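**Student:** give me a model of this one.
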Amino acid sequence: MADINLGVGGANSATGGYEIDNSLKFEPDNTEMLYTGSLTAGNRRTWTISMWVKRTELSYESAFMYSQGTYGNIRFFTDDKILIENHNLYLATNRVFRDTSAWYHVVWVNDSTQSTASNRSKLYINGVQETSFSTENYMTQNEEGNVSSTSGIYIGRRSSEVKHFAGYIADVYKVDGQALAPTDFGEFDEDTGIWIPKEYTGGSYSTQGFHLDFSDSSNLGNDSSGENNDFLLQNITSADQATDTPTNNFATWQVLTGQPYPVIRNGATHYNLSGQVGWYSNVGSIAFTKGKWYAEFRLGSGITNMMAGVSQVESEQSWNNTHLGGVANSTAYTMGFYNANGNVYTDNGSTAWDSSFPAGTIIMVAVDYKTSGVVSLYFGTNGTWANSSNPETGANNFDMNSGSPLPNNLAISFAASPYNNGGNAEANFGGFSGFSIASGNSDANGYGTFEYAPPSGYYALCTKNLAEYG
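**Tutor:** Below is the predicted model of the structure:
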């Protein structure tokens, strides 16, 4: 069953006055992480950790978001549960967290001075305290654990072994010596009831406190709290800075549909067929039912044939199918895509559109989902729109459904499908690019980072734009 985000729910579609501009992408295959050297010990009994995370791979058991010492950890555990541990503390949730289209706010509050055991360590997810645990062991009163010890802190990996987090992390706080509430870092939106970020204004961070906002691409480990607890980088560069954040969530490749193929990597912007045979397709994590949208795709190394475009989103979706979206019982309006051979394909067949193009080509896709239910598509490569088409004027468009209205509110999303290859199908939905960007163009609202400028009136597929145009 697909779990496709339609731009509602979670941390996806509402923001208050506080904006988080950047996150940092972490990729296990590249052993990416932040870390410190040895530290001056802080308050080992009382502290608060707050961070926002967006998962992009579910195959990494024991994916560590925060780690200090051997047993001072926040991590995704068996069956996608969240586990916190700190010496004798061990709390593993019953609830699982598998939504790779949304951001989670994780707050861990520790105060071992409390007389009641269950008050000594608390875990909050999106503002709500977790109280149901599959394993529940608390610290003894006044116990001092690994967190705030002299051991270095690791973000995105366990300190004592190579177990990495896959996804995006944003707005990381540690406040030493204070047991704070989740409402110090977030709040429920008064209109939607969605938990959203809020600026921390609590004052001192103390000895081991810090704030990582990832705003400076030349100094991504900078501690902006004033405590100067800066982090070192391993295999992280300015290219790993992203604009996919809890206050503006961007589409990525859908991870949940049709596991185990293809293999998702690089912030859910690459997928790899791993030697599979046939057309293996994927759709974006955010779907839409109206509006004008823009995205870019690239034929990665090892791929000789790939198509990119849009596909209907259905509850049952398979990777391995001759149709782009892999839609069972597909009808004539389910898809429209551009092939490396220069043809445009729908369920009705193919149309010669332009000349073929090689691996390394950047494919531009603009889609106009009209309120009449007609979907007009525009395709181009390396900055030039094919077949003399023009998304801004509507010239020489390709109608996915041949001018016939789609059913009311039929959800579609960007999609791509490589064939019989082991290379990467690479996407750029604007929040983080799966391939190198040389120029850096945004839409008219200033959202997204693309190699080529989105056509006037077309927008990056993110929740801020969805709220306005979707």
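**Student:** got the domain boundaries for the chain?
**Tutor:** The chain breaks down into these domains under automatic domain parsing: 23-242, 263-469.
**Student:** among these, which comes closest to Ala251?
**Tutor:** domain 263-469 (4.1 Å; C-beta to C-beta). Backbone N, C-alpha and C define where each C-beta goes, glycine included.
**Student:** what is the end-to-end distance of the closest one?
**Tutor:** 32 Å (C-alpha to C-alpha, to the nearest Å).
**Student:** what do you get for stretch 104-118?
**Tutor:** Where stretch 104-118 begins and where it ends lie 23 Å apart, using C-alpha to C-alpha.
**Student:** any buried residues in it, and which?
**Tutor:** Of all the residues in stretch 104-118, those buried under the rule 16 or more other C-beta atoms under 10 Å are Tyr104, His105, Val106, Val107, Trp108, Val109, Asn110, Asp111, Ser112, Gln114.
**Student:** worst average pLDDT in the domains of the chain?
**Tutor:** The stretch with the lowest mean pLDDT among the domains of the chain is domain 263-469, at a mean of 85.
**Student:** quick one: that domain to chain centroid distance?
**Tutor:** Domain 263-469 sits 18 Å away from the centroid of its parent chain (C-alpha atoms, centre = their mean, to the nearest Å).
**Student:** on that earlier part again, for the buried residues of stretch 104-118, give me TSV that also has secondary structure.
**Tutor:** Formatted as TSV, the buried residues of stretch 104-118 follow (DSSP: H, G, I helix; E, B strand; the rest coil):
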residue	secondary structure
Tyr104	strand
His105	strand
Val106	strand
Val107	strand
Trp108	strand
Val109	strand
Asn110	strand
Asp111	strand
Ser112	coil
Gln114	coil
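**Student:** who's the closest spatial neighbour of the one residue sitting closest to the centre of the chain, skipping the chain neighbours?
**Tutor:** The chain has Lys54 as the residue nearest its centroid, 5.0 Å off, counting by C-alpha atoms, centre = their mean. Nearest in space to Lys54, with sequence neighbours left out and distances taken as C-beta to C-beta, 6 or more residues apart in numbering, is Tyr168 at 4.3 Å.
**Student:** go on, Thr289?
**Tutor:** Asn409 (4.7 Å).
**Student:** pull the number of nearby residues for that neighbour.
**Tutor:** 9 (other C-beta atoms under 10 Å).
**Student:** what of Thr140?
**Tutor:** Using other C-beta under 10 Å: Thr140 sits among 11 other residues.
**Student:** helix, strand, or coil at it?
**Tutor:** Quick answer, by three-state DSSP: Thr140 is coil.
**Student:** what sits against it?
**Tutor:** Asn88, Ser112 (C-beta atoms under 8 Å, 6 or more residues apart in numbering).
**Student:** one more: the one 4 residues further on?
**Tutor:** Glu144 makes contact with Arg44, Arg45, His87, Ser112 under the criterion C-beta under 8 Å, 6+ apart.
**Student:** and the two most separated of those?
**Tutor:** Arg45 and His87 (11.2 Å).
**Student:** which ones are touching Gly267?
**Tutor:** Contact analysis of Gly267 by C-beta under 8 Å, 6+ apart lists Lys25, Glu27, Thr56, Gly167, Tyr168, Ala242, Asp244, Thr252, Phe432, Gly434.
**Student:** try it again at 10 Å.
**Tutor:** Contact analysis of Gly267 by C-beta atoms under 10 Å, 6 or more residues apart in numbering lists 23-27, 54, 56-57, 166-168, 240, 242, 244, 250, 252-253, 427, 431-434.
**Student:** what about those residues, which are in strands?
**Tutor:** Ser23, Leu24, Lys25, Phe26, Lys54, Gly167, Tyr168, Ala242, Ala427 (DSSP state E).
**Student:** just curious, which of the residues you listed is nearest to Ser311?
**Tutor:** Nearest to Ser311 among the ones in strands among the contacts of Gly267, with distances taken as C-beta to C-beta, is Ala427, at 13.2 Å.
**Student:** what's across from the closest one in the sheet?
**Tutor:** Phe297 (DSSP bridges).
**Student:** try Ile153
**Tutor:** Gln68.
**Student:** can you check the one 4 residues further on too?
**Tutor:** Using DSSP bridges, the beta-bridge partners of Arg157 come out as His164.
**Student:** quick one: it and Phe231 touch, right?
**Tutor:** No - counting by C-beta atoms under 10 Å, Arg157 does not reach Phe231; the two are 11.9 Å apart.
**Student:** what do those two both touch?
**Tutor:** If you check Arg157 and Phe231 against C-beta under 10 Å, 6+ apart, the residues they both contact are Met33, Leu34, Tyr35.
**Student:** circling back: secondary structure and distance to Gly349 for the contacts of Glu144 - can I get that in TSV?
**Tutor:** Output for those, formatted as TSV (DSSP: H, G, I helix; E, B strand; the rest coil; distance: C-beta to C-beta, whole Å):
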residue	secondary structure	distance to Gly349
Arg44	coil	68
Arg45	coil	69
His87	coil	65
Ser112	coil	68
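**Student:** ok, now which ones touch the residue nearest to the centre of the chain?
**Tutor:** 10-12, 23, 25, 99-104, 167-170, 242, 244-246, 249-250, 252, 267-268, 285, 431.
**Student:** buried ones among those residues?
**Tutor:** 10-12, 23, 25, 99-104, 167-170, 242, 244-246, 249-250, 252, 267-268, 285, 431.
**Student:** chain center to stretch 54-68, what's the gap?
**Tutor:** 13 Å.
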